[in-house]
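Undergrad: Provided below are the primary sequence and the corresponding predicted coordinates.
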Amino acid sequence: MQKGRVVVGFSTIPSRAKDIDGTLASLAKQTAEVDCVCVSVPRKSAREGGKEYPIEFLGERMKAHFPKGVGKVVVVDEDYGPLTKLAGMLKNPANDVPGCVLITVDDAGGIHLTDAGR
């Protein structure tokens, strides 16, 4: 059976972005192999009154935890609330392939993926 692409995605809010390392560390330690870890963020947070996201900081943290380029920061046009995490994954054309599995997780850390759909 051919392995499908597996993408794990989440979103965060500006006030929690500084604490993102716990989530990224948890995802980086998984034994289940994933093709991409995607944090999706709008340019400004509707929930936090238009506060801007630290996009550059998030990119640096992704590179630190996923040095092989698996980690991506995807900027979406609007803040869709909890659906923002999915919007970013859907925006990536690499994910538009048969058999692609999209897994959404929370930004609170402590994530455990067992087989990641493989």
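TA: Cool, the structure landed.
Undergrad: Same question for residue 97, what's its three-state structure.
TA: With DSSP: H, G, I helix; E, B strand; the rest coil as the basis, residue 97 sits in coil.
Undergrad: Over to the nearest residue to residue 92 once chain neighbours are set aside: give its phi and psi.
TA: The shortest distance from residue 92 to any non-neighbouring residue, by CB to CB, 6 or more residues apart in numbering, is to residue 74 (6.5 Å). C-beta here means a position set from N, CA and C on the backbone, and glycine is covered the same way. Here is the backbone geometry of residue 74 (degrees, to the nearest 10): phi -120, psi 120.
Undergrad: Identify the residues contacting residue 74.
TA: Under the criterion of CB atoms under 8 Å, 6 or more residues apart in numbering, the contact list for residue 74 reads 38-41, 88-89, 91-92.
Undergrad: count of residues packed around residue 33?
TA: Residue crowding around residue 33 was assessed by other CB atoms under 10 Å; the count is 12.
Undergrad: Pretty sure it sits against residue 6.
TA: Yes: here residue 33 lies in contact with residue 6, judged by CB atoms under 8 Å, at a distance of 7.2 Å.
Undergrad: At which residues are the strands of the protein located?
TA: Across the chain, reading from the start of the chain, the strands by DSSP state E fall at 6-11, 36-42, 44-45, 51-52, 71-76, 101-104.
Undergrad: In CSV: those strands, plus distance to residue 61.
TA: Putting the strands of the chain into CSV (distance: least, CB to CB, whole Å) gives the following:
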stretch, distance to residue 61
strand 6-11, 13
strand 36-42, 9
strand 44-45, 18
strand 51-52, 16
strand 71-76, 8
strand 101-104, 19
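Undergrad: What I need now is those strands written out in TSV, including mean pLDDT for each item.
TA: Conversion of the strands of the chain to TSV gives the following (pLDDT from 0 to 100):
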stretch	mean pLDDT
strand 6-11	92
strand 36-42	92
strand 44-45	88
strand 51-52	88
strand 71-76	92
strand 101-104	90
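Undergrad: For residue 60, which of these is the nearest?
TA: Distances from residue 60 to each of the strands of the chain were compared using CB to CB; the shortest belongs to strand 71-76, at 9.5 Å.
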